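Engineer: below: sequence and its predicted model.
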Amino acid sequence: RVAYVYCGVTSLVVLAIATCRGAEIAGFKLTGIDGYALVDFLHDGFTSGSSRQTQSDLSEKVFVMTHSYVFHPNFLTLDIGGGFTREDLSLDTNAGTTRSGENLFSFTTHANFLSGKPIQGSLFYDHLNPSVSVAPGEIMVQETDQYGFHFSMSNVDLGLPLSVGYTHNQIQGKSTGRIIDEELEQINFNISHAFGSLGSSNFHFQSADQSSRSGSLSLPIQASTSSFQGANLNTRLQFGEENKYGLTNNIFYNKRKYALALVDQPEQSDFGFLLDFRGYPSKKLNYFGTYNLNRSDQGLTNLTIQSLIGGFSYLPATNLETSFSLKTERNEATQYRLQSNSADGSIRYKFPLWPGNMQISYAARYEQRDQQASNPLVDILDEQHTLSGTTQIPLNNLHVVAGSVVVTNQAQTQTYIENVDYILILIGAETRIQRLIGGNIIDGDTVLVDYTYDIGGSYASNQLDQTLNLNWRLARDIEAYFRLYDSSPNITSGFSSYQLNKVRDILLGFRAEAPLIKGFSLGGSIETEDRDETISPYRRLAGDVFLQTTEPVFSFLNLRATARQSFVNYTLSSQDQELRAYEIRAWARRFGVDFNGSAGMEEDVGAPIPRKREDYSLNAVWRKRKLTLTSGLTYTRESQGSYSRDHTIFRISGKRDF
C-alpha cells in the first residue's frame with residue numbers, strides 16, 4: 001500500500017512539473033500580502049410603550065492575509081491569515097446599564113493543490129469571530145469554525161468530469177435576546193458527461209446533517225436534528241438541422257427527516273420526472289410537448305400529480321401572433337382525487353394608430369374539473385415564506401381552516417405565537433401572514449408554516465377565463481393600457497363547501513416620461529382597478545411620480561426622487577390599504593471619491609394596525625492605487641402600532657494590498 005501511495009504522489013508531482021515547464025520554481029515563495037483595518041459601530045433600539053432597550057457594539061478589527069506557493073504556483077498555493085478583534089458591548093434598559101468587552105482572534109488557511117490542472121483540490125480551515133446584527137435591537141458575537149475539502153477532475157481523458165466537496169460548520173453565539181448553536185455537515189458530489197454536439201447530462205448529489213439549539217430566549221427552545229439527501233439527473237439534448245429540436249429530461253429525488261427533542265417526526269420525500277420536447281421547424285412555427293410527474297410524501301399525506309401538455313405558437317403575419325395548447329392533469333392524494341382538462345389559446349395583433357401604434361390581444365382558457373374527496377381537508381407541512389418588514393405574505397392555498405396554522409423557525413427549534421410574533425389576516429378566501437416587529441421573528445427571516453385547507457368536497461365544474469388587453473403606445477415613453485378579465489366558474493354536479501369565485505376585473509392605466517428642463521426628466525404613472533368578485537371585491541387606485549437627472553448636475557451629481565401612493569378598499573374586509581412612500585437617491589464622484597446616499601419612507605395607515613418604515617444611508621469609497629478606504633452610515637426605523645425598532649450601522653474600513 002505504501003508503494004501505491006508513493007507512486008501516486010510521484011505521478012502527481014511529475015504531472016505538475018511536466019505541465020509547468022518554464023515557470024518559476026522555488027521551495028517556498030511569498031507572492032503577496034494584503035490586509036484591512038475595520039471599525040464597526042452598531043446601535044439598536046426597541047421601544048414598547050414606556051419600555052425601551054438600546055444596545056451598542058463597537059468592533060475594531062485588524063486582519064492580515066498572506067499569499068504564497070510551494071515549489072510552483074500550480075502545485076501548491078497557500079492563503080494564510082489571522083487577525084485581532086476587540087468587541088465592546090453596552091446594553092441599556094429601564095433596569096440599568098451593562099457593559100462588557102472581549103478580545104477575539106481569527107485564523108484562516110486555504111491550501112490549493114494543482115490549480116488549473118485536470119486534477120485539482122483544496123483544503124481549508126477558518127476560525128472567525130464576526131459580530132453580526134441578528135435583528136434590530138440584538139447584536140451577537142459569533143464563534144464560527146469551518147473546515148473541509150474540495151476535489152475536482154475536469155479532463156475527460158481521465159474519466160468523467162466530476163467534483164466532490166465536504167464542509168463542516170459549527171456556529172455558537174449569544175446576544176441579549178437570542179442564542180445560536182448549530183452544527184452542519186454537508187457533502188456535494190457532481191458528475192457530468194458530454195455527448196458531443198448532441199448535449200450533456202449532469203448528476204448532482206447532496207447530503208446534509210444539521211443539529212440546532214438556536215432561537216429566541218423569549219420562547220422555549222427544543223433541540224432539533226435534521227438530515228437531507230437529494231439527487232438530481234438533468235439531461236439536455238439538441239438535434240436536427242441547426243439544432244431545431246430540443247429534449248430535456250430532469251429526474252430528482254429528495255428525502256428529509258426531522259427529530260425534535262429526540263422524537264422522530266414523519267419522514268418526507270419528493271420525487272419528480274420531467275420530459276420536455278421543443279421544436280422550431282421555422283421562424284413562424286414552434287411547438288412543444290411536456291410530461292411532468294411529481295410525488296410528495298409528507299408522512300400522513302401523499303400526493304401524486306401527473307400532467308401532459310402540448311401546444312404551438314404560429315406567426316401567420318409580421319404583426320400577428322397566435323398560440324394554442326391542451327393540458328390534462330390528474331392529482332391523486334390520500335383523501336381526494338382530481339382530474340382536469342383544459343384548452344387555452346391567444347391571439348395578438350399590432351397595427352399603426354396615429355399617433356403611435358396599438359396592440360390588441362385576446363386570451364381564453366376553458367377548463368373542466370372533476371374532484372372526489374373522502375375528506376375535503378388537506379394538510380400542508382413546512383411551507384416556506386420569507387417575512388420582510390411588515391409585508392403581508394399570502395399562503396399558497398386558499399380556504400385555510402381557522403386555527404390550523406402553526407409557524408416555526410427553519411430549524412424547527414421554536415414555535416412562534418400568533419398575535420405576539422405574527423398575525424394572520426383573512427381577505428376573502430386568502431390567508432396572509434404578517435410579521436410583528438415586537439415579536440421574535442427577525443426581519444427577513446424564513447419561517448415554516450403548517451396548516452390545513454379545504455379543497456371544497458366532491459363536485460364537478462367548468463370554468464371559462466377570458467382576458468382582453470389594449471396597449472396604445474403614443475410615443476417612445478408614453479403609453480396607455482386597458483385590461484378586461486372575466487372568470488366564470490360553474491358547478492355542473494355535486495356540491496362545493498364554499499362559493500366558487502366569479503370575477504370581472506377592469507384595469508386602466510397610463511404612464512409617461514418626458515424632458516422637463518435641460519438635464520432633468522419627469523415621469524410617472526397612474527392605475528385604477530375595479531375588481532368585482534364573489535369572495536373579495538375591491539377597488540384600487542395607485543400612482544407614482546419621479547424626477548431624475550439625465551446628465552450629471554454640476555458635472556458630478558445625479559439625482560432621482562420618487563413619490564408613490566396606493567389606495568385599496570375591500571368591500572368585505574377592514575384590511576384596506578392607504579400607502580404612501582417617498583424616496584430620494586443621489587450619487588456622485590468628486591475629488592476621486594464615489595458617494596451615494598438615499599432616504600426613504602413608507603407608511604400604510606389603511607389597515608387596523610398602521611405601520612411605517614424609514615431608511616437612510618450614506619456611503620463613500622476612495623481608491624488610490626492599492627489602498628481602498630470605505631465608509632458607510634445606515635439608519636432604519638420601523639414602527640407598528642405601539643412598537644418601534646431602530647437600527648444604526650456605521651462602518652469605516654481601510655484595505656491595503658502590498
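Structural biologist: Looks like it arrived, so ask away. As the structure is a computational prediction, the values presented were derived from the model and not from experiment. Numbers count the residues shown, from 1 in each chain.

Engineer: element containing residue 99, please.
Structural biologist: Using DSSP states H and E, residue 99 falls within strand 96-113.

Engineer: give me the residues contacting that strand.
Structural biologist: Under the contact criterion Cβ atoms under 8 Å, 6 or more residues apart in numbering, strand 96-113 has outside partners 63, 65, 75-92, 120-129, 141. Glycine gets a C-beta too; all of them are placed from N, C-alpha and C.

Engineer: any chance you could map the strands in the stretch 301-450 of the chain?
Structural biologist: Under the criterion DSSP state E, counting those that start in this stretch, the stretch 301-450 of the chain contains strands at 302-317, 320-333, 336-352, 357-373, 377-387, 393-394, 406-409, 422-427, 430-435, 445-454.

Engineer: now those strands in CSV, with mean neighbour count?
Structural biologist: Below are the strands of the stretch 301-450 of the chain laid out as CSV (neighbours: other Cβ atoms under 10 Å):
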stretch, mean neighbour count
strand 302-317, 15
strand 320-333, 16
strand 336-352, 15
strand 357-373, 16
strand 377-387, 16
strand 393-394, 16
strand 406-409, 20
strand 422-427, 18
strand 430-435, 21
strand 445-454, 19
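
Engineer: quick check: beta-bridge partners of residue 247?
Structural biologist: When assigned by DSSP bridges, residue 247 has beta-bridge partners residue 237, residue 277.

Engineer: what's near enough to touch the residue most central in space within the chain?
Structural biologist: Residue closest to the average C-alpha location in the chain (Cα atoms, centre = their mean): residue 386, at 8.2 Å. Going by Cβ under 8 Å, 6+ apart, residue 386 touches 393, 444, 445, 446, 447.

Engineer: with respect to residue 237, which of the residues you listed is nearest?
Structural biologist: residue 446 (36.0 Å; Cβ to Cβ).

Engineer: excluding sequence neighbours, find me the nearest residue to residue 238.
Structural biologist: With sequence-adjacent residues excluded and distances taken as Cβ to Cβ, 6 or more residues apart in numbering, residue 238 is closest to residue 246, at 5.1 Å.

Engineer: was I right about that neighbour contacting residue 286?
Structural biologist: No - at 10.4 Å, residue 246 does not count as touching residue 286 under the criterion of Cβ atoms under 8 Å.

Engineer: joint contacts of those two?
Structural biologist: 278, 279.

Engineer: all strands for the stretch 101-250 of the chain, in order.
Structural biologist: 119-128, 131-135, 138-153, 162-174, 178-194, 199-212, 215-216, 224-239, 245-260.

Engineer: between these, which one is closest to residue 493.
Structural biologist: strand 245-260 (37.4 Å).

Engineer: could you give the angle of that closest one to strand 377-387?
Structural biologist: If you take axes from the mean of the first three to the mean of the last three Cα atoms, to 10 degrees, strand 245-260 sits at 90 degrees to strand 377-387.

Engineer: identify the residue spatially nearest to residue 371, adjacent ones excluded.
Structural biologist: Residue 371's closest residue in space is residue 338 (Cβ to Cβ, 6+ apart), at 4.2 Å.

Engineer: run through the bridge partners of that neighbour.
Structural biologist: residue 331, residue 371.

Engineer: cool, and the one 10 residues further on?
Structural biologist: According to DSSP bridges, the partner residues bridging residue 348 are residue 321, residue 361.

Engineer: longest strand anywhere in the chain?
Structural biologist: strand 26-48 (DSSP state E).
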